[in-house]
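Undergrad: coords please:
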Amino acid sequence: MILQRHTPRASRRSAFTLLEILVVVAIILVLASFAVVGTMSYLEDAKENKTKMNLKTVEKVAQTVIINNSGNVPDDLEAQVIRRLQNGEQDMMDGWGQRIQIAVREDQNGNARPEATTNYKGVSYSSWNN
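TA: Model (predicted):
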């Protein structure tokens, strides 16, 4: 009978334990949640900035239409504004996809002036306030 010498195997692991994998997944989920929250606030800020820019653009184009009409407000003011806007109907939308409204009102100096407005979640946005 041949006796073989028993050599102890190296105590080297070749895989991760379930606990280690769960810890890594939990860390990744926490980091991902921070990224999502941060991204959502930037998206909301971007929509608000787009709304403010579109309001100012619509106001300026409406003002140009009125000036070109000898200072009179045409009956089809909104249609003329849409025709003159670079992207047409798209520029008449705020950042949340709602249509911008145009009204001609008197400003604090008593001058008739166009105002572009929109509302989102109870907050009013006006081209005069930006």
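
Undergrad: elements contacting the longest helix along the chain?
TA: Ranked by number of residues, the top helix in the chain under DSSP state H is helix 18-68. Contacts defined by 3 or more CB pairs under 8 Å, 6 or more residues apart in numbering; DSSP states H and E place helix 18-68 against helix 77-84, strand 101-106, strand 112-120, strand 123-126. Heads up, the C-betas are built off the backbone N, CA and C, glycines and all.

Undergrad: if we go to 6 Å?
TA: For helix 18-68, the packing partners by 3 or more CB pairs under 6 Å, 6 or more residues apart in numbering; DSSP states H and E come out as helix 77-84, strand 112-120.

Undergrad: Dig out what Ala116 forms beta bridges with.
TA: Taking DSSP bridges as the rule, Ala116 bridges to Ile102.

Undergrad: so it makes contact with Ala103?
TA: No. Counting by CB atoms under 6 Å, Ala116 sits too far from Ala103 to count as a contact (8.3 Å).
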